[in-house]
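> Structure for the following, please:
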Amino acid sequence: MVTKKKISWLVGIAALSFGIAWALYFRERLPVLTPQIYSAAKSQWEARGPKDYELDVEVSGVQAGHYRIQVKDRNVVQMKEDGIDVPERVWAYWSVDGMFRFLEEELASKKRPSAAYGVSDPDSVYLQADFDEKLGYPKRFLRQVFGRKLTIEWRAQVLGGDKAN
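Take a look at the predicted model:
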């Protein structure tokens, strides 16, 4: 016999499932990261990106945190994570040029996912990115690996800077 309690549970589960499906469907979609898109954005950054700038990066997933990075002559000169100074040995990937190196490594790792992510199928790895239309820097990146807890997402914004290369 179906009780009111069971019906309430079923309605609740259905509503929750619908809400999750709705959120996933209408979630802000990112373009798939391809070598061609990567190369075009990197060329744009090299041609138009400032040498001196401040970078604000919000990371969620594996390395969650809020990062503020100062860059002079395309080299990191100061970095803070959640307001706390970060040691210099960590700075390598935290300029826009470093972010491009990271994306290049992610594209290469997707080709050999067993070594990089512990999955055998390259189609299990989803790489998506959005680049600034004017300067070409990566504004947002998302990596998801089906069946693994390796999701990482970041949003970046170049602030200030000399506006010219």
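> hey, let's count contacts and neighbours off CA atoms from now on
OK.
> Mind pulling up the pLDDT for the residue nearest in space to the middle of the chain?
Centroid-nearest residue in the chain, with CA atoms, centre = their mean: residue 141, separated by 2.5 Å. For residue 141, the pLDDT comes out at 96.
> burial measure for the spatially closest residue to it that is not a sequence neighbour, as a count.
Of all residues not flanking residue 141 in the chain, residue 129 sits nearest, at 4.3 Å (CA to CA, 6 or more residues apart in numbering). A count of nearby residues for residue 129, using other CA atoms under 10 Å, gives 22.
> And residue 95, by the same measure?
Other residues within reach of residue 95, judged by other CA under 10 Å, total 23.
> quick one: it from residue 33, how far?
Noted for residue 95: a distance of 19 Å to residue 33, by CA to CA, to the nearest Å.
> Check residue 41 too.
11 Å.
> Those two: who's more crowded?
Neighbour count, other CA under 10 Å: between residue 41 and residue 33, residue 41 has more, with 22 against 19.
> and the closest residue to residue 93 other than its chain neighbours, how many neighbours does it have?
Leaving aside its sequence neighbours, residue 93 sits nearest to residue 99 (CA to CA, 6+ apart; 5.6 Å). The number of residues packed near residue 99 is 17, by other CA under 10 Å.
> Over to residue 3?
Neighbour tally, residue 3, other CA under 10 Å: 8.
> can you check residue 7 too?
As a measure of burial, residue 7 has 11 neighbours, counting by other CA under 10 Å.
> tell me which element it is part of?
helix 4-26 (DSSP states H and E).
> CA atoms of the very next helix or strand once past that helix as CSV?
Downstream of helix 4-26, the next assigned helix or strand under DSSP H and E is helix 35-48. C-alpha atoms of helix 35-48 as CSV (Å, rounded to 0.1, in the frame of the first residue of the first chain):
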residue,chain,number,x,y,z
PRO,A,35,44.4,22.9,-29.7
GLN,A,36,43.1,25.4,-32.3
ILE,A,37,41.2,27.6,-29.9
TYR,A,38,44.1,27.4,-27.5
SER,A,39,46.6,28.5,-30.2
ALA,A,40,44.5,31.4,-31.4
ALA,A,41,43.9,32.7,-27.8
LYS,A,42,47.6,32.4,-26.9
SER,A,43,48.6,34.3,-30.1
GLN,A,44,46.1,37.0,-29.2
TRP,A,45,47.5,37.3,-25.7
GLU,A,46,51.1,37.4,-27.0
ALA,A,47,50.2,40.2,-29.4
ARG,A,48,47.8,42.3,-27.2
